[in-house]
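S.K.: below is the structure, and that's it, no one-letter string:
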């Protein structure tokens, strides 16, 4: 799914990381840990194809098969959940987007607020919607950056359900690995 | 067909965002009306129709700059470029959808600005309306590309005018020339400008949004 050798990333004179090797099978789960500012987010952006590595070799699947959740939920705040998912469903070529959108909103407890603007939501609800967006096109590679951010107990259980699925490869970056390390098949620790 | 469906969905999204947030159009309307009011009192009596037309074009270009400055605000503030860029749709559809929405904002502002100009100065003829419509296409195509480039920069509020205004000079030249009745060659000049810059912007947007 992902094969990377000797990856490095610099922004000008500042080195973010270097000599990173990643090999991830189609059902693998890579846990990326490290303190704030250690390069986890940058690595995920490189693996998503959103940033080019400064050095190294990288083989990635096509972007249509990647589900990426960054620090923000990446949804339009002035649109409703239904409008957001309908838009992204179209752009991500989801054929049964009406059915899929309904199923995800139901699963993540957002069906009753599907017509309300995202700007009225709590941060945790926005994160749930972000997870819906990520899963909408049934990606074969999930890249999640601090996915447990702002989630309450019920939200964390929903996240657990997503992470426990073995039908896809996952790379999850977190500075609090305790909750999700049981799913990991590989680890990458930044210092 | 799928490409144009994406474009329409993206443009519709921007118009819907504006309809709800009401952040861009009110400021454009306020600006263009204020500018025309100031020009009305600042222009010496008997300065002539051509001088007034020149000021109309100045007001329109700076009003357009307001729309362009806010064009990518939602994407910038909420990091949404990442989600759009990762989508398997053609990336130029993002540019075209945004440019169409900008044209919509410009047309809405001009529906108020042109009658206001007629009230303050003199009647607007068909050539001026045609020139304004052609200018909208050029402004939106060039400005949307530059707006996307400026989003990544730190001094984006400064960068966009610095990049856009020099490229808007031909639009003002063509617009004033066409409005002043200096022949249809100025309208054709605007058509040529639109064709060249729209093609360039459409083809280069992919590279503008790709981070290196």
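M.R.: Ah, there it is. Computed from a prediction, not measured in an experiment: that's the story for all the values here.

S.K.: when you work out contacts or count neighbours from here on, use the C-alpha atoms and nothing else.
M.R.: Noted.

S.K.: report the distance from stretch A:36-51 to the chain centre.
M.R.: 11 Å (Cα atoms, centre = their mean, to the nearest Å).

S.K.: my bad, stretch B:69-77
M.R.: On Cα atoms, centre = their mean, the centre of stretch B:69-77 falls 15 Å from the chain's centre.

S.K.: same question for stretch A:55-75.
M.R.: Distance, centroid of stretch A:55-75 to centroid of chain: 8 Å (Cα atoms, centre = their mean).

S.K.: hey, what's the residue positioned nearest the centre of chain A bridged with?
M.R.: The structure's chain A has its C-alpha centroid closest to residue A:144; by Cα atoms, centre = their mean the separation is 2.6 Å. Beta-bridge partners of residue A:144, counted by DSSP bridges, are residue A:69, residue A:172.

S.K.: now it: how far from chain B?
M.R.: To chain B, residue A:144 is 13 Å away according to Cα to the nearest Cα, to the nearest Å.

S.K.: right, and that residue touches residue A:162 too?
M.R.: No: with contact defined as Cα atoms under 8 Å, residue A:144 does not reach residue A:162; the gap is 11.1 Å.

S.K.: before we move on, back to that, kindly provide the distance from the residue nearest to the centre of chain A to residue A:76.
M.R.: 19 Å (Cα to Cα, to the nearest Å).

S.K.: could you do residue A:98 as well?
M.R.: From residue A:98 to residue A:76 the distance is 19 Å (Cα to Cα).

S.K.: of the two, which one has the most company?
M.R.: residue A:76 (22 against 13; other Cα atoms under 10 Å in any protein chain shown).

S.K.: which one is that one nearest to, not counting chain neighbours?
M.R.: residue A:84 (6.5 Å; Cα to Cα, 6 or more residues apart in numbering or on different chains).

S.K.: just to be sure, that neighbour is in a helix?
M.R.: Yes: counting by DSSP: H, G, I helix; E, B strand; the rest coil, residue A:84 is located in a helix.

S.K.: kindly state the pLDDT recorded for it?
M.R.: With respect to pLDDT, residue A:84 scores 97.

S.K.: so what touches stretch B:163-170?
M.R.: Outside of stretch B:163-170, the residues within contact range by Cα atoms under 8 Å, 6 or more residues apart in numbering or on different chains are B:61, B:139, B:142-143, B:146, B:193.

S.K.: what does chain A put close to chain B?
M.R.: Chain A comes close to chain B at residues A:48, A:50-53, A:63-64, A:66, A:68, A:72, A:74-76, A:78-79, A:87-88, A:90-93, as judged by Cα under 8 Å from any Cα of the partner chain.

S.K.: did I read that right, residue B:123 in a helix?
M.R.: No: Residue B:123: not assigned to a helix; according to three-state DSSP it is coil.

S.K.: what helix or strand is the closest residue to it other than its chain neighbours located in?
M.R.: Once flanking residues are discounted, residue B:123 sits nearest to residue B:117: 7.6 Å by Cα to Cα, 6+ apart. In the assignment (DSSP states H and E), residue B:117 maps to helix B:92-120.

S.K.: cool, residue B:14 as well?
M.R.: helix B:2-21.

S.K.: just checking, what packs against that helix?
M.R.: helix A:81-91, helix B:92-120 (3 or more Cα pairs under 8 Å, 6 or more residues apart in numbering or on different chains; DSSP states H and E).

S.K.: name the residues of the longest one that are buried.
M.R.: Within helix B:92-120, the residues that qualify as buried by neighbour count (16 or more other Cα atoms under 10 Å in any protein chain shown) are B:92-106, B:109-110, B:113-114, B:116-117.

S.K.: same thing with the shortest one?
M.R.: Judged by neighbour count (16+ other Cα under 10 Å), helix A:81-91 contains these buried residues: A:81-91.

S.K.: I would like the residues contacting the helix holding residue B:14, please.
M.R.: The contact list for helix B:2-21, computed with Cα under 8 Å, 6+ apart, reads A:78-79, A:87, A:90-91, B:24-25, B:89-90, B:93-94, B:96-101, B:104.

S.K.: with stretch B:205-212 instead?
M.R.: A:50-53, B:85, B:91-92, B:95, B:145, B:148-149.

S.K.: so who does the residue nearest to residue B:123 touch?
M.R.: Going by Cα under 8 Å, 6+ apart, the list of residues near residue B:117 reads B:36, B:56, B:123-124.

S.K.: rounded mean pLDDT for stretch B:76-96, please.
M.R.: When pLDDT is averaged over stretch B:76-96, the result is 91.

S.K.: no, scratch that, I was asking about stretch B:109-129
M.R.: Rounded mean pLDDT across stretch B:109-129 is 94.

S.K.: and that stretch, end to end?
M.R.: 13 Å.

S.K.: chain center to it: distance?
M.R.: 17 Å.

S.K.: just the buried positions in stretch A:65-77, please.
M.R.: In stretch A:65-77, counting by 16+ other Cα under 10 Å, buried: A:65-70, A:72-77.

S.K.: domains in chain A, by residue range?
M.R.: A:1-61+A:140-191, A:76-139 (automatic domain parsing).

S.K.: end-to-end on the shortest one?
M.R.: In domain A:76-139, first residue to last residue: 21 Å (Cα to Cα).

S.K.: distance from that domain to the middle of the chain?
M.R.: The chain centre lies 15 Å from the centre of domain A:76-139; the measure is Cα atoms, centre = their mean.

S.K.: can you check stretch B:172-189 too?
M.R.: Distance of stretch B:172-189 from the chain centroid (Cα atoms, centre = their mean) equals 18 Å.

S.K.: and the end-to-end length of it?
M.R.: Using Cα to Cα, first and last residues of stretch B:172-189 are 11 Å apart.
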